[in-house]
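Trainee: Predicted model and sequence below, questions to follow.
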Amino acid sequence: QAIRCTLPSCRCDCFSPGKTHIRTCDSCNHGWVTHALDKLGSKSSYQLGMHVEVVQPNIVFDIASLMLYGAQAAPIRLKILLDRLFSVLQHDEVLQILHSFGWSYEDYARGYILQVKTFNHYKRTQL
């Protein structure tokens, strides 16, 4: 499914990763987050008399994409929020989400990717 840009004046219908900056759209030059917001939606269970949000893996995937797609480090405050979402998923669902964005479970637990794959070899990330 195409991920359109959510900026009101933009007519970009599909995010296309940039060649230099993967988190910037080649079509409209807007960021990944402005496109990904199009896919976010939540179904509240407040109508059912419950006081918690229903967490579905596809929604967590969309939220994780905002933070992890094309990133090599996770800001600690956002990681805490994502940790809380991951805590209600099955471990294999968490692994599948992380691997979708090139993160191992160990890298995520550490908060950054230790090795970055470039041109068929690895180099150490310099922080």
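Mentor: Thanks, I have it.

Trainee: Okay, helices next: where are they in this protein?
Mentor: 32-36, 57-68, 76-86, 91-100, 105-110 (DSSP state H).

Trainee: which non-adjacent residue is nearest the residue nearest the centre of the chain?
Mentor: Among the residues of the chain, the one closest to the centroid is residue 65, at 1.2 Å (Cα atoms, centre = their mean). Leaving aside its sequence neighbours, residue 65 sits nearest to residue 36 (Cβ to Cβ, 6 or more residues apart in numbering; 5.5 Å). The way it works is simple: take the backbone N, C-alpha and C, and place the C-beta from them, glycine included.

Trainee: Please name the residues that touch the one you found.
Mentor: The contact partners of residue 36, taken as Cβ atoms under 8 Å, 6 or more residues apart in numbering, are 3, 15, 62, 65, 66, 69.

Trainee: ok, so what distance separates it from residue 105?
Mentor: 23 Å (Cβ to Cβ, to the nearest Å).

Trainee: Mind pulling the model confidence for the residue nearest to residue 57 when sequence neighbours are not counted?
Mentor: Leaving aside its sequence neighbours, residue 57 sits nearest to residue 93 (Cβ to Cβ, 6+ apart; 4.8 Å). pLDDT, residue 93: 96.

Trainee: Make residue 1 into 58 and carry on from there
Mentor: Yes, from this point I'll number from 58; that puts the last item at residue 150.

Trainee: pretty sure residue 150 contacts residue 113?
Mentor: No - between residue 150 and residue 113 there is no contact under Cβ atoms under 8 Å: 9.9 Å.

Trainee: quick one: least confident helix or strand in this protein?
Mentor: Every helix and strand of the chain was ranked by mean pLDDT, DSSP states H and E. The lowest is strand 178-181, at a mean of 50.

Trainee: before we move on, the earlier item: quick one: the residue nearest to residue 122 and residue 62, what's the gap?
Mentor: Counting by Cβ to Cβ, the gap from residue 93 to residue 62 is 10 Å.

Trainee: list residues touching both of those two?
Mentor: With Cβ under 8 Å, 6+ apart as the test, residue 93 and residue 62 both reach residue 72.
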